[in-house]
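Colleague: Any chance you can model this:
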Amino acid sequence: MKRLRVGVLYGGRSGEHEVSLASAAAVFAHLDRTRYEPVPIRIEKDGRWSIAERPPATMSAGEVIEQSRLEAHRPPRAGREVHLVAHPSAETILSIDRPRASHGDDGNQAMVTGLNLDVIFPVLHGPFGEDGTIQGLLELANVPYVGAGVLASAVGMDKGMMKVVFAAHGLPVCAYAVVRAHDWEARRPAILMDLELSLGFPMFVKPANLGSSVGISKAKNAASLAEAVDLARTFDRRIIVEAAVPEAREIECAVLGNDAPEASVPGEVIPSREFYDYDAKYLDEGSQTVIPAELPPATAEEVRRMAIEAFRAIDGAGMARVDFLLSRRDGAIFVNEVNTIPGFTAISMYAKMWAASGLDYPALLDRLIALALERHGARQLLRTSVT
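Modeller: I've put the predicted structure just below:
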């Protein structure tokens, strides 16, 4: 049987670049080489694409982050330059070999070769990867790809629009406000007062378009709220401010499928810090996960139902991890957000929840690739012309 050539796309122009490398390392480690021929396509932080000399191998996000800090002064790794062909073509990507110019010789010509990929697996987190931009490029190229489409990716990335969609579908969300950077600079004191009156302390402040808890703060008073908005403002022009759920438990649920999505058993994250921030996720060793989460059967079933509803609300496809906040005080459940390309290491919650549901990591990759080809095949049946 012919092996499928899978382009694994990782890295990216995002604050989650290092997390992507760890996720991609797990994908490479678990793809069945009898069925797939993986091609490592790395996107540097400056946006350049290349075929990596070797795929990433470190599956610990914490180790990748620490290594990145140590190597921050070094130039990006060299690789063979590649470009996606942004129209339907037998050659998915073009590889460019640029010879080094010797003294007095400017006549060397770059060698261009084409490579066809059967499917692309984006393992990109955050902006320019999880937000619909890459998905739009792949749609132009008419290449099958794993995961959500343009709309679901964009809505799933933008925490403000996500909440609008959830509320329109009757899903419970905590009280929130959207602050635009321009307004913040123009009338900071008035916005601080409005937030305090409408939401009350404590509040969580987040960049609207980012993940992995990058740029998130918990504000307990006006001074810390101003600092939190200033920090989030450095990552995005739109900031989400949310009322804290009283005595919240962080519950997560994985979804898999296209038109008939399924939900895994729920899991719970017990952070090592006051909340599950970037350090608690990737650098501290004290955070814990409990899978399945210790929930009453009716609550677990409601979480699974709401996870599928949230997935459908944004028109999800392939995969997503849906995060919830569960109040210990009164048992209220709030949909927090949907991650259309969740952390994908072998010990990430998405993979662990499916493993606890009876689907191990290699089989999960098989399902995701099959879903990508299924969705692409269905799209090819749609008319693109009235004639």
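Colleague: what's the burial count for residue 331?
Modeller: A total of 9 residues lie near residue 331 under the criterion other Cβ atoms under 10 Å. C-beta: built from backbone N, CA, C; applies to glycine.
Colleague: I misspoke; the intended subject was residue 328.
Modeller: Residue 328: 11 surrounding residues under other Cβ under 10 Å.
Colleague: Now do it, the pLDDT please.
Modeller: For residue 328, the pLDDT comes out at 94.
Colleague: Lowest average confidence across helices and strands of the protein, where is it?
Modeller: Scoring the helices and strands of the chain by mean pLDDT, DSSP states H and E places helix 278-282 at the bottom, with a mean of 50.
Colleague: my guess is residue 246 contacts residue 331, does it?
Modeller: No - using Cβ atoms under 8 Å, residue 246 is not in contact with residue 331, being 11.0 Å away.
Colleague: give the contact list for the nearest residue to residue 222 once chain neighbours are set aside.
Modeller: The spatial neighbour of residue 222 that comes closest, neighbours along the chain excluded (Cβ to Cβ, 6 or more residues apart in numbering), is residue 192 at 5.6 Å. Listed by Cβ atoms under 8 Å, 6 or more residues apart in numbering, the contact set of residue 192 reads 222, 225-226.
Colleague: so which helix or strand takes in residue 192?
Modeller: helix 188-198 (DSSP states H and E).
Colleague: Can you give the distance of that helix from its chain's centre?
Modeller: Average the C-alpha atoms of helix 188-198, do the same for its chain, and the two points are 31 Å apart (Cα atoms, centre = their mean, to the nearest Å).
Colleague: What strands flank the very next helix or strand once past it, and is each parallel or antiparallel?
Modeller: Sequence order places strand 203-207 as the next helix or strand after helix 188-198, per DSSP H and E. Strand 203-207 has the following sheet partners, assigned by DSSP bridges: strand 217-219 (antiparallel), strand 238-243 (antiparallel).
Colleague: got the angle for the last one vs helix 188-198?
Modeller: Angle, strand 238-243 to helix 188-198, by axes from the mean of the first three to the mean of the last three Cα atoms, to 10 degrees: 30 degrees.
Colleague: next SSE after strand 238-243?
Modeller: In N-to-C order, the element after strand 238-243 by DSSP H and E is strand 248-257.
Colleague: so the helix or strand encompassing residue 166 versus strand 203-207, what angle?
Modeller: Residue 166 belongs to helix 159-168 when assigned by DSSP H and E. Using the same axes, to 10 degrees, the inter-axis angle of helix 159-168 relative to strand 203-207 is 120 degrees.
Colleague: Which secondary structure elements does helix 159-168 sit against?
Modeller: Packed against helix 159-168 by the contact rule (3 or more Cβ pairs under 8 Å, 6 or more residues apart in numbering; DSSP states H and E) you find helix 150-157, strand 176-180, strand 238-243, helix 297-313, strand 333-339.
Colleague: so what pLDDT did residue 360 get?
Modeller: pLDDT for residue 360: 95.
Colleague: quick one, what contacts it?
Modeller: Residue 360 sits next to residue 354 when contact means Cβ under 8 Å, 6+ apart.
Colleague: and if you look at residue 27?
Modeller: Residue 27 touches 8, 38, 121, 123, 344, 365, counting by Cβ under 8 Å, 6+ apart.
Colleague: Repeat that for residue 82.
Modeller: Shown in contact with residue 82 (Cβ under 8 Å, 6+ apart): 41, 49-51, 93-96, 115.
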